[in-house]
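Peer 1: Just a sequence and a predicted model for now, questions to come.
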Amino acid sequence: MKRSSRSHHAPKPATSRAHGWFFTFEGPEGSGKTTQIRKLSEYLTERGHTVLITREPGGTPCGDAIRSLFLQTPGGHLEAETEMFLMLAQRTEHWRKVIKPARDAGNIVLCDRYIDSSLAYQGYGRGLGADRILSIHQEFLGDCLPDLTIVFSIDPRDGLKRAQAGGKTRLDRMESEQIGFHHRVHAGYLELSHRFPERFAVVDASGQIDATYAQILAVVEAMHPELLT
Ligand code: TYD
């Protein structure tokens, strides 16, 4: 395997880490995260890693029930704080029962949306403030941040078009929001990436699948070279 031939220059072997890896994938609607997560998972699995793919809202039975309530709530409107607390509730179940145990066992967890969706959608999109949402997570969940967050950047209008072209017959509660909301979310992600450059990487998700995937591999290789050797 390539690891031994390259071992003299650098990457830390996986065994020297206290735990595995937790990567999250973020972005506006229709940014193509699901396809890319599947491709990256296959690539990492071929290199001998055990990979868990999961998503939010969801990831546990309780989380799936909250997901339905969140996306299709009868009556359509939820208070911003209700959204935030629903997301915090499903994340508590997900982090404690699924993500942390899998990561601590040495696996790679790839999660489609996580805490930064709350910061972008509820913090920036709804105006609750990203700092408040981050601090409430830290107060109740402690150190629950991902090792790496890849933001898929795409013009929200194009993303929504893609989501619709993907065969969806009915838009969910969040997709139905006005375009200004989706622009605030997108701008929020970019601001987060500037604030936390050690954890964030932004890829241009407006092109073809392979073009986005090449950027993702480059990011993983640059920020976690130990995984690709
Ligand atoms: P989903 O269909 O999974 O969106 P996508 O396919 O674009 O990933 O729907 C999840 C929706 O929930 C999406 O609109 C983002 C929103 N959301 C929040 O507003 N806050 C959160 O904390 C999370 C996890 C998701």
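Peer 2: That came in fine, so what should we check first?
Peer 1: What values do phi and psi take at Gly59?
Peer 2: phi 90, psi -20 (degrees, to the nearest 10).
Peer 1: pLDDT value on it, please?
Peer 2: Gly59 is assigned a predicted lDDT (pLDDT) of 98.
Peer 1: what about it, neighbour count?
Peer 2: In terms of burial, Gly59 registers 26 neighbours under the definition other C-beta atoms under 10 Å. Backbone N, C-alpha and C define where each C-beta goes, glycine included.
Peer 1: Would you check that it makes contact with Gln90?
Peer 2: Yes - using C-beta atoms under 8 Å as the test, Gly59 is close enough to Gln90 to be in contact (7.4 Å).
Peer 1: What sits closest to Asp104 if chain neighbours are left out?
Peer 2: Leaving aside its sequence neighbours, Asp104 sits nearest to His19 (C-beta to C-beta, 6 or more residues apart in numbering; 4.7 Å).
Peer 1: same thing with Ala187?
Peer 2: Tyr124 (6.8 Å).
Peer 1: show me what contacts the one you found?
Peer 2: Ala130, Arg184, Val185, Ala187, Gly188, Glu191 (C-beta atoms under 8 Å, 6 or more residues apart in numbering).
Peer 1: So how do I select the buried members of the residues you listed in ChimeraX?
Peer 2: Listed next is the ChimeraX selection for buried residues among the contacts of Tyr124, using 16 or more other C-beta atoms under 10 Å:
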select :130,184,185,188
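Peer 1: Just the CA trace of stretch 219-226, in PDB.
Peer 2: Taking Å, rounded to 0.1, in the frame of the first residue of the first chain, the C-alpha atoms of stretch 219-226 are listed here in PDB:
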ATOM      1  CA  VAL A 219      -9.400  19.400   0.300                       C
ATOM      2  CA  VAL A 220      -9.400  16.000   2.100                       C
ATOM      3  CA  GLU A 221      -5.800  15.300   0.900                       C
ATOM      4  CA  ALA A 222      -4.600  18.800   2.100                       C
ATOM      5  CA  MET A 223      -6.400  18.800   5.400                       C
ATOM      6  CA  HIS A 224      -6.200  15.100   6.300                       C
ATOM      7  CA  PRO A 225      -3.400  13.500   4.300                       C
ATOM      8  CA  GLU A 226      -3.200  10.600   6.700                       C
END
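Peer 1: Briefly note if whichever strand or helix holds Gly180 comes near the ligand.
Peer 2: For Gly180, the enclosing helix or strand under DSSP states H and E is helix 179-195. No - for helix 179-195, no contact with the ligand is found by C-beta under 6 Å from any ligand atom; the gap never falls below 8.1 Å.
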